[in-house]
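Trainee: sequence first, then the predicted structure:
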Protein chains: 2
Amino acid sequence: MAANDGSIFEAPETTEDEIIHATYEALCDHGYADLTIQRIADHFPKSKSLIYNHYDGKDELLLEFLAFMLEEFKRSIPGEVDGDPRARLEGVLDDILDPSPPERLLQFEAAMVELRAQAVNDERYRTAFARHDRFFSARLVEGIQAGIDDGSFRDADPEQVADFVITVLAGVRYYRATRPATDVTAIREGLDAYLESMLYAQE
Amino acid sequence: MAANDGSIFEAPETTEDEIIHATYEALCDHGYADLTIQRIADHFPKSKSLIYNHYDGKDELLLEFLAFMLEEFKRSIPGEVDGDPRARLEGVLDDILDPSPPERLLQFEAAMVELRAQAVNDERYRTAFARHDRFFSARLVEGIQAGIDDGSFRDADPEQVADFVITVLAGVRYYRATRPATDVTAIREGLDAYLESMLYAQE
């Protein structure tokens, strides 16, 4: 999800991809609260009426956007469990806890915090984010289980470790979007201490 | 902050307290997105015009509400560092990571997640939450430092430990508000493992 320039997209090919891409740009620029179809259209190379032909409104479009993002997310964390389980887990953490992430990625994360807050009162957003959560959790659990199976990790409850890691990462994204100068390095060191104790330490 | 019935208030005495109390009730019932002055007025025993006399609009009222909540929060975590530092720290965690919190408290937490998401694009909310964050962080740092000083805790960087704990708690509140069935017990066990390694283990 974190390409070096902070953009998450290849060149879009279909009209639908162009709409999703324009939604991403507008969301990064304006956030959820100030997002309008017009602002999405400003990033869309074709006629605005095409957006209305595809979607009934801002939230319908954003829910489609979240479904698209889930597919991107799946591509970024492949299922094949190759290589060293510890290196694999730390790769995921390095990616999300990058101490100096591209500005565009921070804008995107912040917009995702706003979108996720819609899940408090909107069942559709809750369902969309539940899909993201289940996927991420399942991938982490698989990776931890693989490490336990091949003896890289000590015996632990993979669901519990995954839950803890995901909650820490959620807290980081939530705080990084809503308070200035969140120090990700301290969080990473804390997670390392936790993982040392739960997974890495010899039994 | 977590009284047993989930309410955070004594009987309000002044008109301003009554408005804040009505805001709390309306926020728990409807969340931020669907909050209106009318819905606040529904919980206010006096004339709705009094609310308009005091506040220019929903956000001005909510910012005042957050300032009020900060004072409540300060009362709930007193500064005097008495007693066992570990018991004190765990008391805070027990309070926030209650495995079966009152429904009203969950509604309130969820509304606070929506409010905090406003900080993404609204400087006023960012400032208000920064005050909460600074206070909570300072109290935790004081408590951890006291434990290091009296030998209850091993030598650690109090800011770093406080940052980590606060981030985990933020993640819990954020997720508990936006996904069903968040298991707080697993998170507590993870935090205990972290604290064991960082603070409790003998050197």
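Mentor: All right, it came through fine.
Trainee: could I have stretch A:20-30 exported to PDB, CA atoms only?
Mentor: Output of stretch A:20-30 as PDB, limited to C-alpha atoms (Å, rounded to 0.1, in the frame of the first residue of the first chain):
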ATOM      1  CA  ILE A  20     -11.500   5.500  -8.000                       C
ATOM      2  CA  HIS A  21      -8.200   7.200  -8.700                       C
ATOM      3  CA  ALA A  22      -9.900  10.600  -8.700                       C
ATOM      4  CA  THR A  23     -11.600   9.700  -5.500                       C
ATOM      5  CA  TYR A  24      -8.200   8.800  -3.900                       C
ATOM      6  CA  GLU A  25      -6.700  12.200  -5.000                       C
ATOM      7  CA  ALA A  26      -9.700  14.200  -3.800                       C
ATOM      8  CA  LEU A  27      -9.800  12.300  -0.500                       C
ATOM      9  CA  CYS A  28      -6.200  13.000   0.100                       C
ATOM     10  CA  ASP A  29      -6.600  16.700  -0.800                       C
ATOM     11  CA  HIS A  30      -9.800  17.400   1.100                       C
END
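Trainee: list of residues touching it?
Mentor: A:8-9, A:12, A:35-36, A:39-44, A:51, A:61-62, A:64-65, A:68, A:104, A:107-108, A:111 (Cβ atoms under 8 Å, 6 or more residues apart in numbering or on different chains). C-betas here are computed from N, CA, C, even on glycine.
Trainee: avg pLDDT for it?
Mentor: Average pLDDT, stretch A:20-30: 95.
Trainee: for it, buried residues please.
Mentor: Buried residues in stretch A:20-30, counted by 16 or more other Cβ atoms under 10 Å in any protein chain shown: A:20-28, A:30.
Trainee: isn't A:Arg126 right up against B:Ala177?
Mentor: No: if you go by Cβ atoms under 8 Å, A:Arg126 and B:Ala177 don't touch, sitting 10.0 Å apart.
Trainee: identify the contacts common to these two.
Mentor: When contacts are counted by Cβ under 8 Å, 6+ apart, A:Arg126 and B:Ala177 have A:Ala119 as shared neighbours.
Trainee: between these two, which has more neighbouring residues?
Mentor: B:Ala177 (25 against 17; other Cβ atoms under 10 Å in any protein chain shown).
Trainee: now the more buried one: which helix or strand?
Mentor: Assigned by DSSP states H and E, B:Ala177 belongs to helix B:158-178.
Trainee: any idea of the angle that helix forms with helix A:158-178?
Mentor: Angle, helix B:158-178 to helix A:158-178, by axes from the mean of the first three to the mean of the last three Cα atoms, to 10 degrees: 100 degrees.
Trainee: which helices and strands sit right next to helix B:158-178?
Mentor: helix A:103-118, helix A:123-149, helix A:158-178, helix A:184-195, helix B:85-96, helix B:103-118, helix B:123-149, helix B:184-195 (3 or more Cβ pairs under 8 Å, 6 or more residues apart in numbering or on different chains; DSSP states H and E).
Trainee: would you mind putting those into TSV with mean pLDDT and distance to A:Glu72 alongside?
Mentor: Below are the helices and strands packed on helix B:158-178 laid out as TSV (pLDDT from 0 to 100; distance: least, Cβ to Cβ, whole Å):
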stretch	mean pLDDT	distance to A:Glu72
helix A:103-118	95	11
helix A:123-149	95	11
helix A:158-178	95	16
helix A:184-195	95	22
helix B:85-96	94	34
helix B:103-118	95	22
helix B:123-149	95	29
helix B:184-195	95	28
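Trainee: nearest to A:Arg75, out of those helices?
Mentor: helix A:123-149 (11.3 Å; Cβ to Cβ).
Trainee: so which elements touch the closest one?
Mentor: Applying 3+ Cβ pairs under 8 Å, 6+ apart, one finds that helix A:123-149 contacts helix A:58-76, helix A:85-96, helix A:103-118, helix A:158-178, helix B:158-178.
Trainee: understood, closing this out.
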